[in-house]
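Undergrad: Mind looking at a prediction? Sequence and model below.
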Amino acid sequence: MMDLRGRIAADQVFENISSREAAAQTRDRLARLIRRIGVGEREDQIRRCVELVCGGSLGAGWSSLNADGSPMQFALSLSRGRRPGFEFVGEAFRTGMEYPGRRAFGLQVVAQLAEVIGLEAESEAVRHHLETLTDSGPAQDCEDPAGAFWIGAAFEASGTASITIYANARRGEKDARWKRLARFAESITNAEWAQIFSVAERSALSPLGAGVRISRRGSPHVRVYFGAYGVKPEDCRRIFREAGGGEPFDGTLAVFFEETMAAEATLPTGSAVFSW
């Protein structure tokens with residue numbers, strides 16, 4: 001299997017697979033989706049935001065956002081009593097950019113996106129934290145070289161909007177990854193992060209990254225992510241209990257594993273992601 005370095009180096013291959021046509025089709029699908037789910041009155045703003053994040057990366061090379069290398073995802077938010085909301089996430093880069101260039105370009109795009117939505121002050125307040133969370137050097141062996149940030153925006157029919165920046169922490173020495181991730185979470189929000197990180201590290205989870213959502217509704221919302229390869233469901237439940245999850249949460253988690261994994265609920269997981 002080609003590693004990520006090879007995929008990034010093969011930019012020309014991607015350009016030869018009708019990248020312009022694929023990008024045009026994606027934009028057309030986006031326009032139809034926006035209108036059909038009822039946020040058509042925000043189409044101009046949404047299209048501007050999508051173009052900022054993904055306008056240069058569609059067909060420009062490999063992104064680790066999706067298994068097929070494409071740099072964009074769409075999402076639909078549904079809840080009772082509210083009109084649907086539209087969300088997208090993508091990776092911002094241009095042809096030939098490797099990790100350091102993608103990191104710098106991503107930070108630039110976050111600032112531009114915040115200006116379009118009207119979240120300049122909120123974006124500036126977390127910029128330094130995002131810079132310190134992400135390593136700025138070239139990728140080393142077994143590190144993810146594809147990008148530092150995935151950038152998303154969510155739009156509600158009511159007119160409110162938010163930005164979410166997902167930061168890649170799968171770089172650098174293992175101890176440094178833990179420290180950067182913990183420092184990021186603790187510096188932005190007040191929570192029982194020390195307990196959570198102690199449990200995660202003691203349970204042999206691996207730090208993946210963090211996401212921070214900014215809006216006009218108050219303080220930033222932070223989520224941290226850990227990989228859990230080979231962890232049994234019963235140990236997943238124990239980890240959440242030790243991190244402060246109560247009995248109702250534990251009972252729901254037990255039902256989740258029983259229903260989704262059936263007889264395999266006693267076996268180690270091949271792939272799982274924890275988030276707090």
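TA: In hand now; what should we look at? If you're wondering where the values come from, they're calculated on a predicted model, not measured in any experiment. Numbering: from 1, shown residues only.
Undergrad: secondary structure class for residue 234?
TA: When classified by DSSP: H, G, I helix; E, B strand; the rest coil, residue 234 comes out as helix.
Undergrad: can you pull the pLDDT of it?
TA: Residue 234 is assigned 94 on the pLDDT scale.
Undergrad: if I pick the spatially closest residue to it that is not a sequence neighbour, what's in contact with it?
TA: Leaving aside its sequence neighbours, residue 234 sits nearest to residue 266 (CB to CB, 6 or more residues apart in numbering; 7.6 Å). C-betas here are computed from N, CA, C, even on glycine. Residues near residue 266 by CB atoms under 8 Å, 6 or more residues apart in numbering: 232, 233, 234.
Undergrad: residue ranges of the strands in this protein, please?
TA: 72-77, 85-90, 149-156, 161-168, 206-214, 221-227, 273-275 (DSSP state E).
Undergrad: Distance to residue 47 and mean neighbour count for those strands - can I get that in a markdown table?
TA: Below are these laid out as a markdown table (distance: least, CB to CB, whole Å; neighbours: other CB atoms under 10 Å):
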| stretch | distance to residue 47 | mean neighbour count |
| --- | --- | --- |
| strand 72-77 | 13 | 14 |
| strand 85-90 | 11 | 22 |
| strand 149-156 | 11 | 22 |
| strand 161-168 | 13 | 23 |
| strand 206-214 | 21 | 21 |
| strand 221-227 | 26 | 19 |
| strand 273-275 | 30 | 15 |
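Undergrad: so which of the ones you listed gets nearest residue 101?
TA: Shortest distance between residue 101 and the strands of the chain, using CB to CB, is found for strand 149-156: 12.2 Å.
Undergrad: which helices and strands sit right next to the closest one?
TA: Under the contact definition 3 or more CB pairs under 8 Å, 6 or more residues apart in numbering; DSSP states H and E, strand 149-156 sits against helix 43-54, strand 72-77, strand 85-90, helix 99-117, strand 161-168.
Undergrad: where among the ones you listed is the average confidence lowest?
TA: strand 72-77 (a mean of 85).
Undergrad: and it, which strands flank it?
TA: Its sheet considered, strand 72-77 pairs with strand 85-90 (antiparallel) by DSSP bridges.
Undergrad: angle of the strand it pairs with against strand 149-156?
TA: Orientation of strand 85-90 against strand 149-156 (axes from the mean of the first three to the mean of the last three CA atoms, to 10 degrees) gives an angle of 170 degrees.
Undergrad: how far out from the middle of the chain is strand 85-90?
TA: Centroid separation for strand 85-90 versus its chain: 11 Å, with CA atoms, centre = their mean, to the nearest Å.
Undergrad: Pipe the helices and strands packed on strand 149-156 into a markdown table and attach distance to residue 146 per row.
TA: Supplementary listing: those in a markdown table, determined by distance: least, CB to CB, whole Å:
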| stretch | distance to residue 146 |
| --- | --- |
| helix 43-54 | 15 |
| strand 72-77 | 14 |
| strand 85-90 | 13 |
| helix 99-117 | 7 |
| strand 161-168 | 8 |
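Undergrad: Minimum distance to residue 259: which of those has it?
TA: That would be strand 72-77 among the helices and strands packed on strand 149-156, by CB to CB, at 23.1 Å.
Undergrad: neighbouring contacts of the closest one?
TA: Contacts to strand 72-77, defined as CB under 8 Å, 6+ apart, come from residues 26, 30, 33, 37, 50, 53-54, 57-58, 65-66, 84-91, 154, 156.
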